[in-house]
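1. Please work out how this folds:
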Amino acid sequence: MSAFLQQLNEEMSALVTKVSRSLVKVGNDRNGAGAGIVLHADGLILTNAHVVHPGYIEVTLPDQRKLPARILASDPELDLAALAVDVHDLAAIELGDSKNLQPGQLVFALGHPWGIANAVTAGSVINVGLPPEIPHKAREFIQAGLHLRPGHSGGPMVDAQGRLVGVNTMITGPEVGLAVPVHVVKTFLRHHLGIKPQSEDFYI
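-> Below is the predicted model:
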């Protein structure tokens with residue numbers, strides 16, 4: 001392996017390790033399971049609305065602690081939900097810029113597909129906007145050429161610097177995954193929780 005490829009390999013591995021510190025597993029009492037993203041050290045978790053349902057919700061942290069979670073807000077139309085767990089030492093993910101993503105840029109999606117913990121898939125951005133495959137959903141998605149599977153839902157889609165650009169949500173084909181852009185996430189947090197994400201922190 002050339003020095004360049006070895007360095008690239010090590011950098012990508014370090015990126016995945018970093019992002020995995022902010023990746024949790026979200027389970028419910030219907031035997032379903034998905035992923036979640038740590039947005040704040042004090043227990044704020046982001047996931048998909050379709051991952052959680054009223055009832056008992058359990059979050060498994062990266063150190064394998066299992067904690068009950070409560071739903072702070074849920075928006076089925078955006079397919080986003082905010083959860084809270086009683087903990088204050090989590091590693092929050094860094095927020096990226098989804099509005100300026102360009103076709104061809106590299107992205108990574110993390111989650112727990114088919115029960116495989118902290119699995120990662122990679123691909124390139126196709127577009128950010130209204131996906132032509134699902135015209136009935138008149139809202140923005142990051143469209144990326146990568147493999148998403150059951151268990152990726154609610155997990156992070158990150159850029160080449162490991163910054164959150166989207167929330168893994170669905171597939172529209174065997175090699176096309178969709179994610180809710182992080183600028184839509186920010187609007188969701190402001191509207192439902194009164195939280196204004198600013199760079200690396202949140203202000204209420």
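
2. Check which helix or strand the residue lying closest to Arg65 once chain neighbours are set aside maps to.
-> Setting aside the residues directly before and after it, Arg65 is nearest to Val87 in space (CB to CB, 6 or more residues apart in numbering), at 7.5 Å. All C-beta spots, glycine's among them, are computed from the backbone N, C-alpha and C. Using DSSP states H and E, Val87 sits in no helix or strand.

3. Just list the residues touching Leu44, thanks.
-> Counting by CB atoms under 8 Å, 6 or more residues apart in numbering, Leu44 touches 38, 72, 82-84, 202.

4. Ok, Ile126 next?
-> Contacts of Ile126 (CB under 8 Å, 6+ apart): 103, 143-145, 176.

5. So it belongs to a strand, correct?
-> Yes - remark: Ile126 belongs to a strand, assigned using DSSP: H, G, I helix; E, B strand; the rest coil.

6. Going by neighbour count, which residues of the longest helix seen in the chain are buried?
-> Scanning the chain for the helix with the most residues, using DSSP state H, yields helix 3-20. By neighbour count on 16 or more other CB atoms under 10 Å, the buried set for helix 3-20 is 12, 15-16, 19-20.

7. One more: stretch 187-196?
-> Quick answer for stretch 187-196 (16+ other CB under 10 Å): 188-189, 192, 195.

8. Which residue ranges of this protein form strands?
-> 23-28, 33-40, 44-47, 57-60, 66-75, 80-85, 106-111, 119-129, 141-145, 156-158, 164-173, 176-181, 196-198, 201-203 (DSSP state E).

9. Nearest the middle, which residue of this structure would you pick?
-> Pro156 (2.4 Å; CA atoms, centre = their mean).

10. Specify the beta-bridge partners of that residue.
-> Note on Pro156: beta-bridge partners Val167, judged by DSSP bridges.

11. give the contact list for Pro132.
-> Pro132 touches nothing, counting by CB under 8 Å, 6+ apart.

12. what do you get for Thr172?
-> By CB under 8 Å, 6+ apart, the contact list for Thr172 reads 131, 133-134, 143, 178.

13. Likewise for Gly43?
-> Taking CB under 8 Å, 6+ apart, we find Gly43 in contact with 84-88, 90.

14. now these: which count as buried?
-> Listed as buried from these are 84-85, 90; burial here means 16+ other CB under 10 Å.

15. Make CSV from those and add distance to Gly162 and pLDDT to it.
-> Shown next, in CSV, are the buried ones among the contacts of Gly43 (distance: CB to CB, whole Å; pLDDT from 0 to 100):
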residue, distance to Gly162, pLDDT
Ala84, 24, 97
Val85, 22, 97
Leu90, 16, 96
